[in-house]
Structures are given as structure tokens and as C-alpha cells.
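Undergrad: have a look; sequence and predicted model below, questions after that.
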There are 2 protein chains.
Amino acid sequence: MPEAMDTGAATGTRVEFRVSPDRYRHWKLSTDGPVAILAMDVDEQGGLVPGYELKLNSYDLGVDIELYDAVQRLRFEHPEVRTVVITSGKPKIFCAGANIRMLAASPHGWKVNFCKFTNETRNGIEDATASSGQTYLAAVNGTASGGGYELALACDHIMLVDDRSSAVSLPELPLLGVLPGTGGLTRVSDKRHVRRDLADYFSTKSEGVGGKKAVQWRLVDEAVPRPRWDEAVAERAAELAARSSRPQDAAGVPLTPLAKDRGDDAITYAYVSARLDREAGKVDISVKGPQAGPPAGIDDARSAEFWPLAMTRELDDLILDLRTNEAGLGTWVFRTEGDQALVLAHDELLLASSGDWFANEVLHYLKRTLRRLDVTSRSLIAAIEPGSCFAGSLLELALAADRSFQLAGVFEDEDPDADPAAVTLGEINLGPLTMSNGLTRLQTRFWGDEAGYEAAAKRAGEALDAEDAEELGLVTFAPDDIDWDDELRIAVEERASFSPDALTGLEANYRFAGPETMETKIFGRLTAWQNWIFNRPNASGPDGALRRFGTGQRAVFDRKRV
Amino acid sequence: MPEAMDTGAATGTRVEFRVSPDRYRHWKLSTDGPVAILAMDVDEQGGLVPGYELKLNSYDLGVDIELYDAVQRLRFEHPEVRTVVITSGKPKIFCAGANIRMLAASPHGWKVNFCKFTNETRNGIEDATASSGQTYLAAVNGTASGGGYELALACDHIMLVDDRSSAVSLPELPLLGVLPGTGGLTRVSDKRHVRRDLADYFSTKSEGVGGKKAVQWRLVDEAVPRPRWDEAVAERAAELAARSSRPQDAAGVPLTPLAKDRGDDAITYAYVSARLDREAGKVDISVKGPQAGPPAGIDDARSAEFWPLAMTRELDDLILDLRTNEAGLGTWVFRTEGDQALVLAHDELLLASSGDWFANEVLHYLKRTLRRLDVTSRSLIAAIEPGSCFAGSLLELALAADRSFQLAGVFEDEDPDADPAAVTLGEINLGPLTMSNGLTRLQTRFWGDEAGYEAAAKRAGEALDAEDAEELGLVTFAPDDIDWDDELRIAVEERASFSPDALTGLEANYRFAGPETMETKIFGRLTAWQNWIFNRPNASGPDGALRRFGTGQRAVFDRKRV
């Protein structure tokens, strides 16, 4: 089915990530002072593509796109919300997880990309709790199975109705022959600290565990009888809200509709644009810096027009669009343009306003968007030329790249009097924009090389030419204008000639040196195993568990252990 | 080709892991005081199975079995050896890595199992340096490509001959469309701290990097011109030897031939035995404790007969045999028998002799063998019955299991007067036998539950019956004798009904809660990506890179990024 979608533009079935609450088909968002209710009530007929019904609050990418939108808006548009209660609008069922028929019919790449986005949204829920004082409470008012339980696992506190029928479960392994695809195993062991043998048993028991045993095993935090349910949820929501330091009387910042021109060969926003080069298998992405200095204070910045927010929203949408709709374009080449001083001035306003809720939200949103780039299965190249604007927050694009090229000197034929290309580290590169591994991109780059890190960091604020930047290890190569075009062209052509799968594996390993976190384990360890399992005949072959599910026929397995 | 081997016993092509230096076909081991030379000189015609020639010092499983044997013997039989120089016995070529024709012709499961064993041997090399004062020096006297460079990466110090033709390289991605399979990426980034963009470039450049640039990029530690080569290697070997605290005049302990009776349905050693139940897809493994108390002191224990060493050697060989030859037997059920006090007394002798080189070797060998179990892609179940001997070092088998069952009470019909089944934690469970994640199995079990850990640890030395052990979280289930047979049978049958791939993924995730190390990254992250890539048509399909290599035809890739 979504084979069509996988091939993107040509078929006209592009997935659109821009949505707003008035257009939600699957979620009901309401707020009452410090508490928001986010109720899942999936429209069975509202699947993103034809071919399946979203029964029992099961979800597809379309449902998750709305959830992502809601999570984002709650942070920006609702500074007053301190607790978000995720619950079900349907009786007896909380959420049945990802729709099986959708999964069974989807090509491998679609499943993997779908799981990645779903994972990012779950991580975003945890980030709201950790970074923003907006705590998610799972009010599991019916059975939560598979991805349904994984959604609850992303919340800070899980309440399960204790009614002898409601349970939490991870039935993927026994029923479908795959793993829970959105962080379930990692969160069960590393977040909720369920003992490994109990976790093993739980994950093979399709009916799951409910009531007191679910609490004893730490699968949920409390089991509450129905008669006390509403009251208990309200109580807990109020308690969680009381712990928050979000502002009392701040006005929200509306995330106004994102203007975007989407053609077959170009995608254009206000600050971000992309040219799609299907023949070369690459996308040329350009990001513009701000056209003027920042407002005098953060109070004057509270708007979706504020450059760091506007640029980040555009970049976020572009990444999602390209990842989902343009799988065949394997290399993204980043360029920037603008005045470095203006970027650094915007960064400084954000950093100087560190106690401010809005500045905090913008910073963390930029952090999450850059993390999306880190886990994107495309080769990332940065091209640093005269007039480019790789400074501070925009320099992160080059630091996220697998390779970067900085022109030594200028293009003699084009503009011999131009200022040579420069990169400038700012304070923002030294702290807040951490990767999933908990380190900044600069720290990761110099992992195990303290002296190299210090040498680079102490040049912060200085515009570094190609020679300096290469010497300091901030860029990979510094060709002059005679070699520039060839070197870039060869890099892109070479990339296009390699196995796309091996590149994905290579990049997934090299981008995350050093320590691991729950987030890197989810993307790096769990996802890789899941990819492998998804791709095996035991799951996806004609007699595999995923394809046989619901047919009444049992799967046929090659029993040999690999 | 090794499809036959994958199916094991039926074809009579079982792989044998027992070997000794007098039978090596591929390695030459010589020692001169504190320095050993381990020279790779692969016999082209000495492949484990027909169908390929081991040209250019390329290796297959047979070559690596000899290497493993040499690494083990150096630790036990050569207490005087402080530096092991790994070098090549052939001119111009150090090692070309795993044999490509062997890989291309091998079924998926064979490749994965081969890589796992190879990884374990590389980790063992690092363990010799870290735990045993036996430092490995890679004297790369010719080109080291792919697995050849990965072998060097496992050494503590890498010297590369600087002769304008010798280089180190990881050509797997550009030439074969797969990843380096034995830890290369992880060691490049996390051990040698090669900057990520340089690492990316290096891993796509099939001809590799040599000379000064290899040193600058940290790919090797030094590049030495040929005229100074022998002298420089000898110098460096002597320097590394001088840092060691291995004993000066100790006599080695010969690893005498391991007696083993291998039939189609049973494998029997002195202390370890296994019944192979092909119908149920399981192996019943039994481990016997020592028959008498330990020698009075460690000086009297120096022999391959010493129970902890004898038992560990048998267990090690059994794990390797079953993993390689019996892929269809997906569940291993562990039982033990014997006198718990005698096991604990042996453990105590080892722990009390902590400064002794031999006690140290035995402990670390047991540690490595248990780690082999942790990364074994089989479901592990422990059955704890009256007369069993799950105490101290043998209790680790139950702690390594995915689930454990301890009989509550006794088998009333069989032996109503027996002592009930008990488990006993010993001091050995609280420290030295760490898993790959750096934690003990007990710490991993109670990861995030400090109180649970303390409650269990403080009962060390006490024989705990099923009720206590279950309450403390040391065993999973405690059925009585009415339910015992059914519960165990159902657990095994259920396991056999699930997708073997999904079980492998589940176990690989749940067995390693908590922190990650280079070793867990290699097995958990890198291996999973490699498994996925190996299994994709872009590598292993009829037009994939691995199958097309050497045919003169280019691989045909599905260019969509996943």
C-alpha cells in the first residue's frame, strides 16, 4: 500500500505534516487551567491512505502527525498547561498501537520511517516533562496494547484502570513476530526498571498484565478502580501541575500556519529552501539567517515570526517531508546565507533569556529538530562558501554533517573581492543544543580529545577561515576554488554509488560516539534490531507472522536461531 | 556453502573448536621471554570447508578458532609473556580480513555467528591487556584491510610500516556494501577517537590511509620506515612488557586436551553434559559442581583439573559447539547438581587469591565465558530443583537466564525427604564476574532498584528456598511440584512457537539494561545494524554488492534510503 508514498512526488500522494487542532480527526485537545486533556479518539475511516480501518484506537502516521502537532502546540501556545493527561475517548480501549494491517501492507522503508517519527514524538513527550515543566500523565482507561502501552511508557506517570479486564501489554512478539517498535523494551528496562525476567515474560504474554501485578512489576504506577477513576486522575494531574515552574499568566505564542511552496523539484519556505536533484540523488538545502537584529528583549520576540522559531519550524517540516516523501534522495547538502552577526545576536538573546519560558521552548525545539537530523538516514554534507552563515545555531548544521567542505579563499572568477568563507562558534554551540547522547555536537566531535575540544572552544566568537577551521578540526576539508566543484561533486557521486543500507548503518554508528542514553539506545540498538526483524522472512515473508496475522493461519518460521 | 554447516549434526560437517598449537595451520606462535610473536600465515588451502581459497591472509572461522586458542593458551600456559606481537608471516600483506567468497556464499546465520565469535576473540584480546597484563601489539607489516585492520584495532598499540604502499583500510562499505563486521566502527570512534568526519571518509575510501596521515588521524599509533621496523617493534614490545605486573618465574598451566564425547543427541564432558532434544527444539544442559573441596592453597590448584577451570573450559566449548552446529535448538535449559558448599569453597579460594596470576586468569576466563552466554542468541532457562547446585559461580547461570524456575518444596512422589531446592548468592556474584555492560548480573537484574539489590545482596551465603528467592527477585517463578512439569514444558513450547528472530532481538535488549560500553555497543548496536545490512537485498540479493564482488559486475542497489 504505501509503496506509492514511498516513491514520493511522482504519485501525488505526498504526506503532509502541517496540521492544526481544528483539523484533527483523531485527537481532542482541551485545556482547563493548568491541565490539558489530550484524548485519543481515532476515526476508523480516517487512515492516511486507503486499505485499512483504524479500529480500536489503532494508529497510523496520520494519527501520529496530529499527536506531534498537539505536543508542539501545548508547549508554545499553552504556557499555562503544566500537566497533559493522555487518555482515550473510547470506552474499554486506551489504544491498540500501530495498525497491523497498515504495517503488514507497508514496505520496509515505510515501516522504519514511521517508527522513527513515532519515536521522535514519544521522545518529545519526555522532553516536555524534562525540559519544560509540562508533565505527561497516561490515564489508561482501558486496554493499552503494543504501541498503546508504549505511548503510556513515554509519559511520566501511568495510571491503569483496575477493572479485571484492562491491561497493558506488548503483544508484538507473540502475535506478530516483531519487537515493539517505539521504545517499549528500552523504556520497560531502563526507565521503569522492570526486572529483566519479568520483562521477558511480560513481553511474550499477549494478554498482558493488569491490576496490582502491573503495579508490583512496575509496569504502571498505580491501578485505580473505576469508581475512583475520574477523581484519582484529577488529583494526580493537580499534583503533577503543582511541581511545575511554568509561568502563571503568560500568553501563548500561536504557531501560525507555515507558508510553504511544495513543487516536484523545489520546496520553499521563508528562510529555508530545497532543490531536489533526482538525477544526482541529492537535495540542496539552503538556510537563510535573519534579515535584521533580534528584538531588544525576549518580550518583544514572542511570535512565530521570531527568526529562530520560524527557521526551526521550516527546517523541521522540511526534514519530515524529505524523509517521508523523498527516500530516493540520499544526500542532503546544506548551505547557509546571511549575516553571521545577526544569527549570533539572536542566539545571544535566547541564551540571555534562559529563565524565560518562551526562550526555553525555542531552544529546546531547535535542539529536538537538530536531533531529528542526527537520526536521519541520509548522508549530510555541509558546503561552506563565501557569504555563508555557519555561525552559532546555524553552525550546528555543519557539525551535524557527516562531512563538511569549507572553501579556502574565494571563488576567483565569480567574486574575487568577497570575504572568504568563515565559520564562527558561538556560546550556543558549547551547551544547550545537546544530541541524543547527552553531549553537544562539538563534544561528540572531539570525544576522547579534550585538547582538541578546548582548542576549538576557546576560539568561540572568532570568524575562522578555512585554514583555521580545518586545523582546529571544525571542518573536514578545505579545498580551494580550483578543486571546489570537483570535490563536492565527487563526494555526492560517490555517496550515490554506495549501498544506501550500509551508509545508513555507518552514519548511525559514527554520529554517536561516546556515551549512550535511553534515546540513543532506542534509535541505535532497539531500532536496528527491529529493522533486521522487520526485514526477515519470519516477519515479512509471505508466510511470516506479520503477513499471516488475522488470516487464521499460523506463521511458518525458519526455526534456526541467528 | 556452509548452509550444510548451519544445519549441524545431520550432515556430519560439525565445526570443532578444540585445537592446539601443534595442529595450527594458519598461525605461528613463538615466545622469547616476555615477548610472544603470533604470526598470521594463513594456509590458502586450509579453509574450513571447500569452495574458497584463503588468499592474502584472509580468514574464515577455522583461522579464528586457532587465534582464539592461541589467545587462551598465552594467558594460561605463558605467565611469563607480557607482550604479544600480532604480525604477518607473509610479505606485503598483514591481513585482508574475512574471506569474501566465504562470506558471499554463507547463509545469513553463518555470517552472524562467525562475526560473533570473531568479536568475542577480539574482546578477549582487549581483556588480556586490561585484566592480565598481557598487552597486544599490532605490528602491521603490510596492508591491513577490513577485518585485518579490525584485528589490529583490538590491539593496544598499532604500528604500521611506512613504505608508501602499506595502509590500513575498512573497504567493506565501498566494496561490499556492508559494514566492518568485527567492531571496526566502534573502535575507530570510541577507542581510537578518530574524528567522526575523518572516520566517515576513511570508511568509504577503499584504498585506506597509510603513513603519517594514518597517525595524524589516530588510525594507528606510529608509522615506521622498513629499515627501522624490526628494531622499533622490538623496542615497543619491550616497553609494553616493562609495564606489566605478570609474574617473573611462574610455571604455566597447560590446557590439556579437553575430553568430550560428541554424539548426535548428547554432548558429554566431565562436569558438563547436554541432551539435544530436536523435537522440542531445546537442549538440556547439566553442570556438575566439584566432587571435593578445593586444594588448600592456590599453589596446589595450578592445573587444568582445577574444577573452576575444567568446568569453564567445558562450558565454553559447549556454548561454541551448540551455537555453531545446532542453530535449530532455540532454548537451552540449565540444570546443576552437586554440593553448594564445595562450589562456594572453590569460589572463595579464587577470591582469596586475588593477587595470584592463575586465580586471576581463571576468574576472567569464567567472566568471558559467561559473557558468551549473555550474547548467545538462544532463550536461556534455569531449572532449579532439589539437589541442584545454583550457588556462587554456578548461580551465574541462573542469573544469565531469561527466566528461572525454582521448585517450591520437593518432588513429593520422587523424593519427599529431599532438601528443597535452594539458591545461594556468594561473594563472587557481587563483583568480579561482570557482564559486557560493566555491571554484575545481579546489578543488571536490579538496575534502578537499589533497595532490591541491597535486600538480595545482604542474604549472601544463605541457602534461599523458592519462596525467599522469588520474594527477593532472584528467580522468576516458584511453582510447586504439581505445576512444575507443566510450567517448564509450556515455557519451552511457547518459546519454540515464537519468531526466533524476534526472540533474539528481545533477549539482546533485555539482557543489557543500564549503561553501555564499547563491548555492548559492538554486540548491541553495531551487530544489529550489520545483521540488518547483511540481510538486505542490496548486500545479499542476487545483484547485491556481496554477491557481485569479484565478478566484474557492479552491484545494483535499490537506492531508497531506509
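TA: The structure has been received and is ready for your questions. Residues are numbered from 1 along each chain as shown, chains lettered A, B, ... in the order given.
Undergrad: tell me, how many residues neighbour A:Met518?
TA: Neighbour count of A:Met518, defined by other Cβ atoms under 10 Å in any protein chain shown: 17. To be clear about C-beta, it is placed using only N, CA and C from the backbone, and glycine gets the same treatment.
Undergrad: confidence score at the residue nearest to it when sequence neighbours are not counted?
TA: Leaving aside its chain neighbours, A:Met518 sits nearest to A:Asp190 (5.1 Å; criterion: Cβ to Cβ, 6 or more residues apart in numbering or on different chains). As predicted, A:Asp190 sits at a pLDDT of 96.
Undergrad: what residues are up against A:Asp190?
TA: Shown in contact with A:Asp190 (Cβ atoms under 8 Å, 6 or more residues apart in numbering or on different chains): A:Met518, A:Lys521, B:Trp447, B:Gly448, B:Ala513, B:Gly514.
Undergrad: which residues touch the helix or strand that contains A:Tyr201?
TA: Using DSSP states H and E, A:Tyr201 falls within helix A:196-202. Contact with helix A:196-202 is made by A:169-170, A:185, A:188-189, A:194, A:208-209, A:217, A:219, B:401-404, B:444-445, B:475-476, B:506-507, B:510-511, B:513, as judged by Cβ under 8 Å, 6+ apart.
Undergrad: ok, back up a step: list just the nearest of the contacts of A:Asp190 to B:Asp265.
TA: B:Ala513 (36.2 Å; Cβ to Cβ).
Undergrad: quick one: low-confidence parts of the stretch 301-450 of chain A?
TA: The model of the stretch 301-450 of chain A has no residue with pLDDT under 70.
Undergrad: report the closest residue of it relative to chain B.
TA: A:Gly448 (3.1 Å; Cβ to the nearest Cβ).
Undergrad: I'd guess that residue is in a helix, am I close?
TA: No: counting by DSSP: H, G, I helix; E, B strand; the rest coil, A:Gly448 falls outside a helix, being coil.
Undergrad: so who does it touch?
TA: A:Ala513, A:Gly514, B:Asp190, B:His193.
Undergrad: which two from those end up farthest apart in space?
TA: Most distant of these, by Cβ to Cβ, are A:Gly514 and B:His193, 9.4 Å apart.
Undergrad: next, show the common contact partners of those two.
TA: Counting by Cβ under 8 Å, 6+ apart, the residues touching both A:Gly514 and B:His193 are A:Trp447, A:Gly448.
Undergrad: who wins for neighbours among the contacts of A:Gly448?
TA: Ranking these using other Cβ under 10 Å puts A:Ala513 first, with 26 neighbours.
Undergrad: give me the pLDDT for that one.
TA: Per the predicted model, pLDDT is 91 at A:Ala513.
Undergrad: tell me the SS of it?
TA: From three-state DSSP, the assignment for A:Ala513 is coil.
Undergrad: what's the answer for A:Val362, then?
TA: On the basis of three-state DSSP, A:Val362 is classed as helix.
Undergrad: now do the contacts for it.
TA: A:Phe306, A:Pro308, A:Leu309, A:Thr312, A:Leu350.
Undergrad: go on, A:Ser169?
TA: Going by Cβ under 8 Å, 6+ apart, A:Ser169 touches A:Thr143, A:Ala144, A:Ser145, A:Gly146, A:Tyr149, A:Phe202, A:Lys205, A:Ser206, A:Glu207, A:Gly208, A:Val209.
Undergrad: let's go with 10 Å and repeat that
TA: Going by Cβ atoms under 10 Å, 6 or more residues apart in numbering or on different chains, A:Ser169 touches A:96-97, A:143-146, A:148-149, A:175, A:180, A:202-203, A:205-210, A:214, A:219.
Undergrad: would you mind checking the residues you listed for buried ones?
TA: A:96-97, A:143-146, A:148-149, A:175, A:180, A:202-203, A:205, A:208-210, A:214, A:219 (16 or more other Cβ atoms under 10 Å in any protein chain shown).
Undergrad: would you turn the contacts of A:Val362 into JSON lines with distance to chain B?
TA: Shown next, in JSON lines, are these (distance: Cβ to the nearest Cβ, whole Å):
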{"residue": "A:Phe306", "distance to chain B": "32"}
{"residue": "A:Pro308", "distance to chain B": "26"}
{"residue": "A:Leu309", "distance to chain B": "29"}
{"residue": "A:Thr312", "distance to chain B": "23"}
{"residue": "A:Leu350", "distance to chain B": "26"}
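Undergrad: helices - which of these land there?
TA: A:Pro308, A:Leu309, A:Thr312, A:Leu350 (DSSP state H).
Undergrad: give me the number of residues near the spatially closest residue to A:Ala455 that is not a sequence neighbour?
TA: Closest residue to A:Ala455 in three dimensions, ignoring its sequence neighbours and counting by Cβ to Cβ, 6+ apart: A:Leu472, at 6.0 Å. Look at A:Leu472: counted by other Cβ under 10 Å, it has 18 neighbours.
Undergrad: so which bits of the stretch 101-250 of chain A are right by chain B?
TA: Contact residues, the stretch 101-250 of chain A versus chain B (Cβ under 10 Å from any Cβ of the partner chain): A:107-113, A:116, A:170, A:172-180, A:184-186, A:188-205, A:218.
Undergrad: again, only using 7 Å
TA: A:108-109, A:112, A:173-174, A:177-179, A:185-186, A:189-190, A:193, A:195-201, A:203-204 (Cβ under 7 Å from any Cβ of the partner chain).
Undergrad: now which of those residues would you call buried?
TA: The neighbour count (16+ other Cβ under 10 Å) marks A:108-109, A:112, A:173-174, A:177-179, A:185-186, A:189-190, A:193, A:195-201, A:203-204 as buried among those.
Undergrad: buried ones in the helix or strand following the helix holding A:Tyr201?
TA: Taking DSSP H and E as the definition, the helix or strand that follows helix A:196-202 towards the C-terminus is helix A:211-216. The neighbour-count check on helix A:211-216 (16+ other Cβ under 10 Å) flags A:Gly211, A:Ala214, A:Val215 as buried.
Undergrad: same question, stretch A:89-107
TA: Buried residues in stretch A:89-107 (16+ other Cβ under 10 Å): A:90, A:93-107.
Undergrad: one more: stretch A:237-253?
TA: Within stretch A:237-253, the residues that count as buried by 16+ other Cβ under 10 Å are A:Ala237, A:Leu240, A:Ala241, A:Ser244, A:Arg246, A:Gly252, A:Val253.
Undergrad: ends of it, how far apart?
TA: 24 Å (Cα to Cα, to the nearest Å).
Undergrad: hmm, who's touching that stretch?
TA: Contacting residues not belonging to stretch A:237-253 are listed as A:34-35, A:76-79, A:82-83, A:85, A:133-135, A:137, A:157, A:302-304, A:357-358 [Cβ atoms under 7 Å, 6 or more residues apart in numbering or on different chains].
Undergrad: picking that back up, which of the buried residues of stretch A:89-107 fall within helices?
TA: Among those, DSSP H puts A:Ile100, A:Arg101, A:Met102, A:Leu103, A:Ala104, A:Ala105 in helices.
Undergrad: from chain B, how far off is the residue nearest to A:Ala455?
TA: 11 Å (Cβ to the nearest Cβ, to the nearest Å).
Undergrad: quick check, that residue in contact with A:Glu454.
TA: No: look at A:Leu472 against A:Glu454 with Cβ atoms under 7 Å: they stay out of range, at 10.6 Å.
Undergrad: for the stretch 351-500 of chain A, which segments count as strands?
TA: Here the stretch 351-500 of chain A has its strands, by DSSP state E, counting those that start in this stretch, at A:379-384, A:390-391, A:403-406, A:423-424, A:463-464.
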